[in-house]
Structure formats: C-alpha cells, structure tokens
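Asks: Sharing a model that was predicted from the sequence below.
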Amino acid sequence: QVHLVESGGGLVQPGGSLRLSCAASGSIFIIYAMGWYRQAPGKQRELVAGITSGGSTNYADSVLGRFTISRDNAKNTVYLQMNSLKPEDTAVYYCNCNAVVSLGSAISDYWGQGTQVTVSS
C-alpha cells in the first residue's frame, strides 16, 4: 500500500503564491507518474499538472505559465508551485501517483486525502 500525504494548502489573496507538497510512503517498489488534481464545489475533479518519473510534465491550459510541478524521486515527493493565484483556483487539491508495490505486481492508482486551497481577498 502507498500512502500520500499533502501539505501546503491554505488561504491566499489573489496574485499570491502557495507551494503544495505530497510525500509518498509505505510499501513502494517504484513510482511512475505523479500528479495534482483539483475539485471545486459542484465541479468534477480535473487534472492540474502531471510529471513522469523522467521529468516530463503536462499542465491544464488554465494553469499553464502560473503553476510548476516538480518531483524529488529520492524522497518520493511531488511539488506544485502555484503563482499568480486566482479565485477560480479555489479547490481541494489532490495528489495522485501510479505505483508498483512489489516486483511483478500491477500498477495501481493512489490518492492523497486532499488539501484545501482558497484564493480570496
């Protein structure tokens, strides 16, 4: 089993910045892709940014140029630097990873518990 724990959420004014972190722990053989999703009230969960084990990244159009995803493979940790935040970025942000827990086992999807980000003046 892989456990993901997010941190770094909070309340910030429009134009401000936040940095989210997500650390994976547990029985980990290898972690492939990691990513951040978000879900605003009344809306579906959407991909914000993703990063492969090799460092290739992809972003939602709405955050391109403002958010940066990165990872530290030695620490099994993924980060999301969020700049120029807007009220529409308000949501619960979830960390996700695709991982294998032992040699020969299938790739499974894991989720964190979520961290609230609120952008408001």
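Replies: Noted; the coordinates are in hand. Predicted, not measured: the structure shown is a model, and the values here were computed from it. Numbers count the residues shown, from 1 in each chain.
Asks: How much space separates the residue positioned nearest the centre of the chain from Q44?
Replies: Closest residue to the average C-alpha location of the chain: W36 at 2.6 Å, with Cα atoms, centre = their mean. Note on W36: its distance to Q44, by Cβ to Cβ, to the nearest Å, is 15 Å. C-beta: built from backbone N, CA, C; applies to glycine.
Asks: repeat for N96
Replies: N96 is 15 Å from Q44, by Cβ to Cβ.
Asks: So for these two, which sits in the more crowded spot?
Replies: N96 (19 against 7; other Cβ atoms under 10 Å).
Asks: and S70, bridged to which residues?
Replies: S70 has these beta-bridge partners by DSSP bridges: Y79.
Asks: Report how many residues lie close to it.
Replies: Neighbours of S70 (other Cβ under 10 Å): 15.
Asks: residues in contact with it?
Replies: Under the criterion of Cβ atoms under 8 Å, 6 or more residues apart in numbering, the neighbours of S70 are 51, 78-79, 81.
Asks: Out of those, which is nearest to L4?
Replies: Closest approach to L4 among the contacts of S70 (Cβ to Cβ): V78, at 8.8 Å.
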